[in-house]
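Asker: sequence and predicted structure, then a few things I'm wondering about:
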Amino acid sequence: MGVELLKRPFTVEEYHRMAEAGILSEDDRVELIEGEIVEMSPIGSRHAGCVNQISHWFSQRVGERAIVSVQNPIRLGRRSEPQPDVALLRPREDFYASEHPGPEDVLLIVEVAEHSAGYDRGVKVPLYARYGVAEVWVVDLSRGVVEVYRGPEEEGYREARAVGRGETIAPLQLPDLQVPVDQILGETS
Amino acid sequence: MDVHVERRLFTVEEYHRMAEAGILCEDDRVELIEGEIVEMSPIGSRHAAAVKRLLNLFLPAQAAGRAILSVQDPIRLGRRSEPQPDVALLRPREDFYASEHPGPEDVLLIVEVAEHSAGYDRGVKVPLYARYGVAEVWVVDLSRGVVEVYRGPEEEGYREARAVGRGETIAPLQLPDLQVPVDQILGGTS
């Protein structure tokens, strides 16, 4: 029956207290999205391989200009703490040991979607836009494209385009890092 | 956008640990419904008055030692649910359920009062009570001016559902001589 349940939303602070109290454990693959504790889908090997490719490619080239962060939390306002697949962060001496990076610390977020492109596009991308993350790439493995989102606004990204095989893209804030899309998507699937 | 989101579901035990850890406090008007922590809608004065009238009507059963009256207190239903029905008549027990919340086997009757929330009560709570074998549920629908009576719990819902209106009386199956006039539940014409 189509009845709207008014779910109790949680703050980031409450979410962390759940971990401290042992209610959520490190084995819980969850993220906090606008107050809701959402289970992340299991990572398939294609997805994992793609994340490895991307983090390897960036790690070899960014030098001191960025920190490559893989499946770690990002702080977005009072009620969200997603864990994007890959993030390039502004360098910081403590490597964000004192607090998770916020939107202002993010140079680029990359989400890899094997089957979850709907969730990434429909939930995560609008969330990143709302909190002002400068740029997001969604690697859609099933369509074989990388969607590039730039210009965050309250209602979404001003610019959205898909780049395909044979092309290259670079993060707006690290314009010399030209990534071949083929490199991201891996060998033909 | 209509995207399916898989929420992390909680057990009753985790839900209680949230209270112990101060994540949920006693001011949180919530109930645990199949693993989801659901906010209860604010109680309007008509709703509150109906609950008070029910208490008056059921008090004789408590006075006679035949039932314990429970108001907006939790009921244990399996691993992932702990709803707080408006009124419940429970089997008498010496400790008044101090050692644990009553389970479905302890419930003689559950009454939910709906001022605006009849859809939630009918669509979510009643099927939940049926699934866990609560013998009988009444939904007092203030806007329609009827009492819906549900009996015969099964996995998919109650076998018997009927609405009784003004001028009629009803009695809980398990307390058949507690005859309650529907007019006294609904109160003066609204």
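Answerer: Noted; the coordinates are in hand. Residues are numbered from 1 along each chain as shown, chains lettered A, B, ... in the order given.

Asker: correct me, but residue A:169 touches residue A:179?
Answerer: Yes. Assessed by Cβ atoms under 8 Å, residue A:169 is found in contact with residue A:179 at 5.6 Å. Any C-beta I mention is one placed from the backbone N, CA and C, and that applies to glycine too.

Asker: of the two, who's got more company?
Answerer: residue A:179 (22 against 17; other Cβ atoms under 10 Å in any protein chain shown).

Asker: now do the contacts for that one.
Answerer: Residue A:179 sits next to A:57, A:168, A:169, A:170 when contact means Cβ atoms under 8 Å, 6 or more residues apart in numbering or on different chains.

Asker: just residue A:181 next, same as before
Answerer: By Cβ under 8 Å, 6+ apart, the residues touching residue A:181 are A:145, A:146, A:163, A:164, A:165, A:166, A:167, A:168, A:169.

Asker: flag the shaky bits of chain A, pLDDT-wise.
Answerer: A:1-2, A:188-189 (pLDDT under 70).

Asker: now the helices for it?
Answerer: Using DSSP state H, the helices of chain A run over A:12-20, A:45-62, A:117-119, A:125-130, A:181-185.

Asker: Serialize those helices to a markdown table and add fields for distance to residue A:155.
Answerer: Formatted as a markdown table, these follow (distance: least, Cβ to Cβ, whole Å):
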| stretch | distance to residue A:155 |
| --- | --- |
| helix A:12-20 | 23 |
| helix A:45-62 | 28 |
| helix A:117-119 | 19 |
| helix A:125-130 | 7 |
| helix A:181-185 | 28 |
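
Asker: out of those, nearest to residue A:75?
Answerer: Residue A:75 sits nearest to helix A:12-20 of all those, at 6.7 Å, using Cβ to Cβ.

Asker: and residue A:98, how many residues sit next to it?
Answerer: If you count neighbours by other Cβ under 10 Å, residue A:98 ends up with 7.

Asker: again but with residue A:17, I slipped
Answerer: Number of residues near residue A:17 (other Cβ under 10 Å) recorded here: 17.

Asker: which ones are touching it?
Answerer: Counting by Cβ under 8 Å, 6+ apart, residue A:17 touches B:21, B:22, B:23.

Asker: looking at the residues you listed, which is nearest chain A?
Answerer: Chain A has its nearest neighbour among the contacts of residue A:17 in residue B:21, at 3.8 Å by Cβ to the nearest Cβ.
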